[in-house]
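Q: Predicted model, plus sequence, below.
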Amino acid sequence: MKIAILSRNPKLYSTKRLVEAAKERDHEVRVVDTLRTYMSIASHKPTIHYKGESLRGFNAVIPRIGSSITFYGTAVLRQFEMMGVYSLNESVAITRSRDKLRALQLLARKGIGLPVTGFAHSPDDIGDLIKMVNGAPLVIKLLEGTQGIGVVLAETEKAAESVIEAFMGLKANIMVQEYIKESAGADIRCLVVGDKVIAAMKRQAKPGEFRSNLHRGGSASVIKITPEERLTAVRAAKIMGLNVAGVDILRSNHGPVVMEVNSSPGLEGIENATGKDVAGLIIQFIEKNAKPHKTKTRGKG
Ligand code: ADP
């Protein structure tokens, strides 16, 4: 097969591993810098150009689109889809999961366990917003944040009010969330491929920190997840329409709750923690499923 990887940087661990895994299985693979492509969207013959050359003949594309370039990245991916190229994760599914509020609303609608979450643009009554999520302690999140930056634990209602006011003064979009204290600074990353969790790791925050992000000094270890957690992760990915997803779960008193469904999960942490060949399993999934003109969500923008 001829596979394109949409990635800004061929030196990133995940990109390198996917290239390696594809080559090991005798595929032709090419890393395409998403932001360097340009396109013609003529209806009879959509094309993608890259550094003066027309990209054609690909059987599959693996999108590794960072959150800062979602807008352009999903447009490039849509163009591949219009050309009939199979996409590992479809553009519509990526857009869906990148919008944190939309994603939580979709998950809630299908009965997936979630932390009680409130969101607001500019409420007159911040006190009532705080009450809605059962008061302090609570977590306040910037919608645009990643890697734990912009995630604040407010221990008291006074602190929560001040932080919410400050964020709103900056015109930031925020989410207010029940603090799952019993998770004790740990979360579980489930790597879903197709309808299976192929690897799972526990991330534990460093002492004195509640955010378990590896970028925030958290540490990763392999974990055995329960059948309920497994089912929750697979269902969450499916609701988003993602074939490959990193589903982040907290263990709460009322069962697993999903924090986020990530459409470009990093491979380094999970491969190192579990010893699994995640990249290889992703390529195998493509081998089984890549067929031309398979995009299910065509036309649904
Ligand atoms: P980001 O997308 O920036 O990583 P997250 O929403 O995943 O932000 O939050 C970062 C970390 O903070 C999580 O991995 C988790 O450890 C912790 N955390 C987030 N929300 C909650 C919550 N409601 N209760 C307890 N811990 C949380």
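A: Received the coordinates, thanks. Residues are numbered from 1 along each chain as shown.
Q: For the rest of this, base every contact and every neighbour count on C-alpha atoms.
A: Fine.
Q: what about residue 247, which helix or strand?
A: Secondary structure assigned from DSSP states H and E places residue 247 in strand 244-252.
Q: If we go by neighbour counts, what in that strand is buried?
A: By neighbour count with 16 or more other C-alpha atoms under 10 Å, strand 244-252 contains the buried residues 244-252.
Q: quick one: is whichever strand or helix holds residue 198 near the ligand?
A: Counting by DSSP H and E, the element that carries residue 198 is strand 196-204. No - remark: strand 196-204 sits outside contact range of the ligand, by C-alpha under 6 Å from any ligand atom, the gap being at least 7.4 Å.
Q: Which strands and helices lie in contact with that strand?
A: Here strand 196-204 touches strand 186-193, strand 219-222, helix 227-240, helix 268-274, going by 3 or more C-alpha pairs under 8 Å, 6 or more residues apart in numbering; DSSP states H and E.
Q: at 6 Å instead, please
A: With contacts taken as 3 or more C-alpha pairs under 6 Å, 6 or more residues apart in numbering; DSSP states H and E, strand 196-204 sits against strand 186-193, strand 219-222.
Q: Redo these as JSON lines? Include distance to the ligand and mean neighbour count.
A: Below are the helices and strands packed on strand 196-204 laid out as JSON lines (distance: least, C-alpha to the nearest ligand atom, whole Å; neighbours: other C-alpha atoms under 10 Å):
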{"stretch": "strand 186-193", "distance to the ligand": "5", "mean neighbour count": "26"}
{"stretch": "strand 219-222", "distance to the ligand": "11", "mean neighbour count": "19"}
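Q: Would you mind saying which of the ones you listed lies nearest residue 228?
A: Residue 228 sits nearest to strand 186-193 of all these, at 12.3 Å, using C-alpha to C-alpha.
Q: Could you list the paired strands of that closest one along with their orientation?
A: Here strand 186-193 is paired, per DSSP bridges, with strand 196-204 (antiparallel), strand 244-252 (antiparallel).
Q: okay, the first one in CSV with CA atoms only?
A: Backbone C-alpha positions of strand 196-204 (Å, rounded to 0.1, in the frame of the first residue of the first chain) are rendered in CSV as follows:
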residue,chain,number,x,y,z
LYS,A,196,-10.5,-2.9,21.0
VAL,A,197,-8.4,-1.3,23.7
ILE,A,198,-5.0,-2.5,22.5
ALA,A,199,-3.0,-0.8,25.3
ALA,A,200,-3.7,1.0,28.5
MET,A,201,-1.5,2.9,30.9
LYS,A,202,-2.0,4.7,34.2
ARG,A,203,-0.6,8.1,34.5
GLN,A,204,0.1,9.2,38.1
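Q: Show residues contacting it.
A: Contact with strand 196-204 is made by 185-192, 212, 218-223, as judged by C-alpha atoms under 6 Å, 6 or more residues apart in numbering.
Q: try it again with 8 Å
A: 185-192, 212-214, 218-225, 230, 233-234, 270, 273-274, 276, 278 (C-alpha atoms under 8 Å, 6 or more residues apart in numbering).
Q: And for stretch 262-273?
A: Outside stretch 262-273, the residues that reach it (C-alpha under 8 Å, 6+ apart) are 13-14, 63-66, 89, 94, 97-98, 191, 199-201, 220-222, 242, 244-248, 276-279.
Q: Check stretch 144-159 too.
A: The set of residues external to stretch 144-159 that reach it, using C-alpha under 8 Å, 6+ apart, is 130, 135-142, 160, 163, 173, 179, 210-211, 213, 215-216.
Q: how long is it from one end to the other?
A: One end of stretch 144-159 to the other measures 21 Å (C-alpha to C-alpha, to the nearest Å).
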